[in-house]
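Asks: here you go, sequence then predicted model.
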2 protein chains.
Amino acid sequence: MKSVDYIIKADYLLTMEGDLSVIRDGAVAVTGSVITDAGTFKDISLKYTSEKIFDGNNKVVFPGLINTHSHAAMVYFRGIADDLPLQAWLEQHIWPNEMKWLSSEFVADAVELACLEMLHAGVTTYSDMYFYQQAAGKKLEEIGMRGVLGSGIIDFPWRDVAQTPEDYFTNCEALIKEWKGHELVTPCVAPHATFTCSPDKYIRAKELADKYDVPMHTHLAETQYEVAECQKRFGKTPVEHLDSIGFLSERVSAAHCVWLTDREIEILAEKKVGVAHCIESNLKLASGIAPLPKMLKAGVRVALGTDGAASNNDLSILGEMSTTAKVHKGVSLDPTVVNSRTALLMATRNGAEILGLGDKTGSIKPGKKADIVIANLDKPHLTPLYDIYSHITYCMRACDVETVMVNGKIVVDKGRATTLDEAKVISRAKAWRDKIQAP
Amino acid sequence: MKSVDYIIKADYLLTMEGDLSVIRDGAVAVTGSVITDAGTFKDISLKYTSEKIFDGNNKVVFPGLINTHSHAAMVYFRGIADDLPLQAWLEQHIWPNEMKWLSSEFVADAVELACLEMLHAGVTTYSDMYFYQQAAGKKLEEIGMRGVLGSGIIDFPWRDVAQTPEDYFTNCEALIKEWKGHELVTPCVAPHATFTCSPDKYIRAKELADKYDVPMHTHLAETQYEVAECQKRFGKTPVEHLDSIGFLSERVSAAHCVWLTDREIEILAEKKVGVAHCIESNLKLASGIAPLPKMLKAGVRVALGTDGAASNNDLSILGEMSTTAKVHKGVSLDPTVVNSRTALLMATRNGAEILGLGDKTGSIKPGKKADIVIANLDKPHLTPLYDIYSHITYCMRACDVETVMVNGKIVVDKGRATTLDEAKVISRAKAWRDKIQAP
């Protein structure tokens, strides 16, 4: 009998490995930051003992959810401007506020709120594109959450982030040098989009990522405007354009991918590009609806993202799962597309894989890091239960998540964050709002 | 100073009357079952005293939500079969289970679970179409929830409900006689749909509803199949068909209305038919996406419904608001359609009005019944707050609802149901599931 740090029991255990079958009366053994074993409680209890055993009554245990596209610090602009045309939203509200308020301090404070919200929702890893990512990295280390922090690259100078475009590369390389190899934080190179980054920026971004073996993150084919601009400037659609300059590879996760030709879907599959499907943001900003069933059929690696909270307006991947599974049925008039198993797979293992973290997280597998969610099924809206995948996809809400472990450490314990002072995080956000709203 | 039963304070009070402006530091005075007054706390506190004052810190108060289309008892089949073609779902799963299990006892037990879920989600009134509605009425009376109970009418006999189709009318008239004039329960005549009800049934249903002055409820233009069948049998589209036989009026609430011609939208507006828009069910069953922006523009009276939990899979109107507001933006590529005020208006006052309950509920107005929701804003995912309507529509979840009053009585008190034994309701549902699932 080997002693382990935790044994997590579960009426229903979903490892998201193998054939995705449900383990009834399951258990996970955790030692340090690592998953030691997983299986039926009967088997686990014959091999391991622990002083800390989580009772699995009415509980489902599944891998931590992965948010593959966000701008976490924008949570401070949640709901500041809604139901507006995209350009008015950006030009009159989001950009002026970013121009006015963004700083290292803003990002540090806002990221705390975003992490608090995500952890409560069972999100254990998020992939981000923004500025001041050093500040975000420090917060993730303090909080104990996993993140892929993309340092933004654009063509024009921006506040004190970059006096010249060259500075974006300097910042990004500094971020990489500081965080490369860290247990929780993965630095990432993040050229913004085809309409804000010239081809030479994309090429240099790739060289930088290749040099240090780190992932890349970009926006791609989000709006019809972007496609038209790309055609005008480069005579190619966005995916073809980035492919023609040699940017695309499995190192890249591309957010949105809404407006794609069939040929572009083939390219994404061939080049093993990861796609962060952000259905709620795409709907709310009226960007359009990505051809997800076609992408899945073509073998494109697709995972889920929330985008920033200013355009969603929350950071819950459970919400994205439900919306994704429903919307594509309605749009394609085919109720069999994006079933509940596919939805949870996109939200977990696929997410980890497109971020290059497939060996670390995304499933409950011996040797992977212990990023684990325990959710409470003893709720009216989760009763009765015939199919656990269906309930997680179509009925479960963030508040059903009870306990969350990241890297073997309990960060949410029966609904309370253990590494964040919730009242302080909320009151700090209100203080920022008061400043932002002041006339 | 007049003494009232309750004073409900609110940092944010939304009456859903007048210009929908937000009352900061508001309060509602309640006496017996009725709203006595509403306004700023300053004004209310000068006029009224109460021994029971709800503290409004970090709270938003709004009218009870109205679910205008459901089959509440089907909650016992939640998630029993998902991601299937519609005919397989109906013919191999839903109908055989209904055939096998439905009874007065089943409905009584299942309706308790549905009401428990809806009350927790701030739904204070639901409109239903099913059988054994006497059993549902008794439950609503016990629980203290408002309901419009439609007794189903179809062309063919069905179990012990109806030996001959004539019995549906006998049942419905008995329901009307028993409940007409009841404080909480409104009986309703519910011919099922154009493909299951012959024109003579619709005409007799109308005669019955006119005779007793009660509302009517039907499914209408839900699927392309239904439109094709209607064309084949009657040479008309569904709305034109029902209009041609004189069925349509403001007494009718019509669920779905997905497949409509422009002419049919005009008819719905002219005849003041109420439409129960059920976006999540329509998406999940791949029925299609109703032309909501067009309907609103044409002046059709539209409210929101969940449909049964077997096709949604929950009974939360907050979820419908979010999905409705987002999906129509994405589909129309116009981010200004269905703004957050419209979403809450559809979920409250519009809902009451299409059910013929506009004088009783749907807004916080002196003289109306006290159907009121208090939600807690002190949550990470509701922080920061710039626009309360935006937060309710895009971020609020059922679990943020803290206290719910129906007809002046507290039915959910700080997250706990007061008139239902939650553990018993859940364990009873599990016992039914075990029977239903038994090999």
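Replies: Sure, I can see it. Numbers count the residues shown, from 1 in each chain, chains lettered A, B, ... in the order given.

Asks: contacts for stretch A:19-28 next, please.
Replies: A:6-15, A:35, A:37-42, A:44-45, A:56, A:61, A:341, A:345, A:364, A:370, A:372, A:388-389 (Cβ atoms under 8 Å, 6 or more residues apart in numbering or on different chains). Bear in mind the C-beta positions are built from the backbone N, C-alpha and C, glycine included.

Asks: domains of chain A?
Replies: A:2-63+A:371-417, A:65-354 (automatic domain parsing).

Asks: and the first one, how far out from the chain's middle?
Replies: This means domain A:2-63+A:371-417. 21 Å (Cα atoms, centre = their mean, to the nearest Å).

Asks: quick one: mean pLDDT for it?
Replies: Average pLDDT, domain A:2-63+A:371-417: 98.

Asks: for the helix or strand bottoming out on mean pLDDT in chain A, buried residues please.
Replies: Every helix and strand of chain A was ranked by mean pLDDT, DSSP states H and E. The lowest is helix A:86-88, at a mean of 82. Neighbour-count burial for helix A:86-88 flags residue A:86 (criterion: 16 or more other Cβ atoms under 10 Å in any protein chain shown).

Asks: how about it and chain B, any contact?
Replies: Yes - under the criterion of Cβ under 8 Å from any Cβ of the partner chain, chain B is reached by helix A:86-88 at residue A:86.

Asks: how far does that helix sit from the chain's center?
Replies: Its chain's C-alpha centre and that of helix A:86-88 lie 25 Å apart, by Cα atoms, centre = their mean.

Asks: immediately after it, which helix or strand?
Replies: Sequence-wise, the next helix or strand downstream of helix A:86-88 (DSSP states H and E) is helix A:95-101.

Asks: and the strands in the stretch 51-200 of chain A?
Replies: A:53-54, A:59-63, A:65-70, A:123-130, A:146-153, A:185-191 (DSSP state E, counting those that start in this stretch).

Asks: okay, residue A:294 and residue A:153: tell me how far apart.
Replies: 30 Å (Cβ to Cβ, to the nearest Å).

Asks: same deal with residue A:94?
Replies: 19 Å.

Asks: so what's residue A:53 closest to, chain neighbours aside?
Replies: Leaving aside its chain neighbours, residue A:53 sits nearest to residue A:7 (4.7 Å; criterion: Cβ to Cβ, 6 or more residues apart in numbering or on different chains).

Asks: list the contacts of whichever strand or helix holds that neighbour.
Replies: Element membership of residue A:7, judged by DSSP H and E, is strand A:6-13. Residues outside strand A:6-13 that contact it (Cβ under 8 Å, 6+ apart) are A:22-30, A:38, A:41, A:44-45, A:48-50, A:52-62, A:364, A:370, A:372, A:374, A:377, A:388, A:405, A:408.

Asks: one more: stretch A:426-437?
Replies: Counting by Cβ under 8 Å, 6+ apart, A:75-77, A:80, A:97, A:100-101, A:106, A:109-110, A:112-113, B:378, B:380, B:383-386 sit against stretch A:426-437.

Asks: again, only this time at 6 Å
Replies: A:76, A:109, A:113, B:383-384 (Cβ atoms under 6 Å, 6 or more residues apart in numbering or on different chains).
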